[in-house]
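Enquirer: how would this look folded up:
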Amino acid sequence: MLNDVPGDIMIAVMEYVSLHDLASLALTCRALRGLSLGKLIGDQIEEFGWKTHLKIHPRRFLSYTKSFTSWSARDQLRLRAVNDRNWHHRQFVARPLSQRWTGKLQPILSINSSRLILAAGSHIYTYDFHQASSARGAAPVQQEATYVTSVLYPNRDITAMVSVPDGGEDRTIFLGYADGVLDRLVLPSISKSHEGSYPIRTALECYNLDNGQALESLSISSNHLLSLSAAGKVGLLTIDSPEPQYNFIDLAYRSWCSHLSMESSSPFAAFGTTSPHALSIHNIHPSHIAPQPSIYLDPSTESMRPSAVYAIARAPASSPWGASDQIILSGWYDGLVRVHDLRSSSRTTSGDDCTPCLLPTLKFADPWSYEPIYSLCSGGGSDAHIVAGSARHSVVAFWDVRAAEKGWSVHAPGNDSSPVYSVVMDGPRVFGANESRGFAFDFGGGVTEETYPPVTLDVVPARRGWSRISVDATLKKDQRSGPGFYVTKYNHHRHDN
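Expert: Numbering: from 1, shown residues only. Below is the predicted model:
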């Protein structure tokens, strides 16, 4: 009967087949290879099935961009399957990206298809994504260069950073500083023979946005850049305009974070502040950003008590609410991650200025740690996870939005007492940074010692024989041989242990 089904119909059917069923069908056809039907379907899967699945179900694997240029569609989907399985079973390799920094810093992470960029103090560390040695290996993440901005701006710490498209070089960034200055600069390519930090001496563009007030947040969407100062001054810039001009508004509250969505059907900006309505939405018009909020995203019906929002992100693509820019994740002072759906028509009115208020549709919390949420991102296994960095003990919390009650948390390598100031998600990898160092949790397969930058270890006496610990005495290997470092992990509910 299947012999009578036209090939184009079979290809169309494959668009609706899950990855698991597509793999099962491929195995079945391999067993029936001697039959003409089995060979026909098998060839169609190899030529169209895997590629169609990738096209219909896109995911972000930036650190594997170079590797995917030589991988088949089937190999790419195999990595997805391994990634999803490891996320489900909470199996990962924990790695520090460096030794402990000197002093206590508040780092920021940014990622593009070529490198991970980490800014801390007046230093910028770049980690280059290399091509994997095979389709079953992990794409290496190796330290590329270290830059310093202290020559350009002595005694100025970097407080905000975002990477912007630049035609494929992936070296253009915007930097915000503690005194309100915003720079656009290109990270120069450095020879491998260069030793030490490379001084940055010039910037492409420079703006003084809020003299004396730190730039807390930078957000980019489409060709627009959104900046937010600690004092609540907001700036919207069209970055590819021949004569860039800023449009400003003032939130009039202590401000922490921002989120820009220009791809939404109704473009908007979200702002996290310390105020009675700590999370607000402002519409963006063709010529300006609205000075007054269009809606408040409140935590509960008792919203008049001042609170604070420190992190904002979009929801994961494979969530029960669908892949919509209208869904906002936010990290709050009370340790909860809240989900607001801007499409909801269930709204109340605030008592002070009659602005509509929207309550959350879902909440996530680590019941063992109600510390403020300082950083937030989404994606991961099945593109259905939320990851949050807390304000103490370097705790990173994980939730699968399809099973919100089964969350878990892990301390960053080294168990530092500091907050996790920044987290970014990239397919099988979660990159984070606390006041001591950057780190990674890798859920993909094929990770070896060579996958990540080396961390110097010494053999020192321990209570039971000898063990290998790092020079800064806060890191230790998960086992005597292997790429992982020891971390403390716990489930949010006892019945999950």
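Enquirer: Val162 contacts Ser219, doesn't it?
Expert: Yes. The pair Val162 and Ser219 qualifies as a contact (C-beta atoms under 8 Å) at a distance of 6.8 Å. For every residue, glycine as well, the C-beta is placed using N, CA and C.
Enquirer: between the two, what contacts are shared?
Expert: Between them, Val162 and Ser219 share these contacting residues under C-beta atoms under 8 Å, 6 or more residues apart in numbering: Leu225.
Enquirer: helix/strand/coil for the closest residue to His288 other than its chain neighbours?
Expert: Of all residues not flanking His288 in the chain, Asn247 sits nearest, at 4.7 Å (C-beta to C-beta, 6 or more residues apart in numbering). On the three-state scheme (DSSP: H, G, I helix; E, B strand; the rest coil), Asn247 is labelled strand.
Enquirer: Asn247: how many residues sit nearby?
Expert: Asn247 has 16 neighbouring residues, counting by other C-beta atoms under 10 Å.
Enquirer: ok, now how distant is it from Ile312?
Expert: Note on Asn247: its distance to Ile312, by C-beta to C-beta, to the nearest Å, is 20 Å.
Enquirer: low-confidence regions, this structure specifically.
Expert: Scanning the chain for pLDDT under 70 picks out the ranges 1-17, 19, 21-48, 193, 301-304, 350-352, 457-474, 479-481, 494-497.
Enquirer: in it, where's the longest helix?
Expert: Looking only at the chain and at elements set by DSSP state H, the helix with the highest residue count is helix 73-89.
Enquirer: tell me which helix or strand comes right after that one.
Expert: Tracing the chain past helix 73-89, the next element assigned as helix or strand by DSSP states H and E is strand 93-96.
Enquirer: report all helices and strands that that following strand contacts.
Expert: Contact analysis of strand 93-96 by 3 or more C-beta pairs under 8 Å, 6 or more residues apart in numbering; DSSP states H and E lists strand 438-442 as its packing neighbours.
Enquirer: contacts for the helix or strand in which Ala313 is found, please.
Expert: Element membership of Ala313 [criterion: DSSP H and E] is strand 307-314. Applying C-beta under 8 Å, 6+ apart, the external contacts of strand 307-314 come out as 254, 256-259, 261, 270, 272-275, 278-279, 299, 325, 327-334, 372-378, 388-389.
Enquirer: please pick the buried ones from those.
Expert: 256-259, 261, 270, 272-275, 278-279, 299, 325, 327-334, 372-378, 388-389 (16 or more other C-beta atoms under 10 Å).
Enquirer: how about the residue nearest to Asp166 when sequence neighbours are not counted, what does it touch?
Expert: Computed as C-beta to C-beta, 6+ apart, the closest residue to Asp166 that is not its neighbour in sequence is Thr172, at 3.8 Å. Residues in contact with Thr172, defined by C-beta under 8 Å, 6+ apart, are 163-166, 184-187, 204.
Enquirer: pull the residues that contact the longest helix of the chain.
Expert: In contact with helix 73-89 (C-beta under 8 Å, 6+ apart) are residues 19, 23, 46, 50-51, 53-54, 59, 61, 64, 68, 71, 92, 135, 380-382, 385, 400, 427-428, 443-445.
Enquirer: now it against strand 438-442, angle please.
Expert: If you take axes from the mean of the first three to the mean of the last three C-alpha atoms, to 10 degrees, helix 73-89 sits at 100 degrees to strand 438-442.
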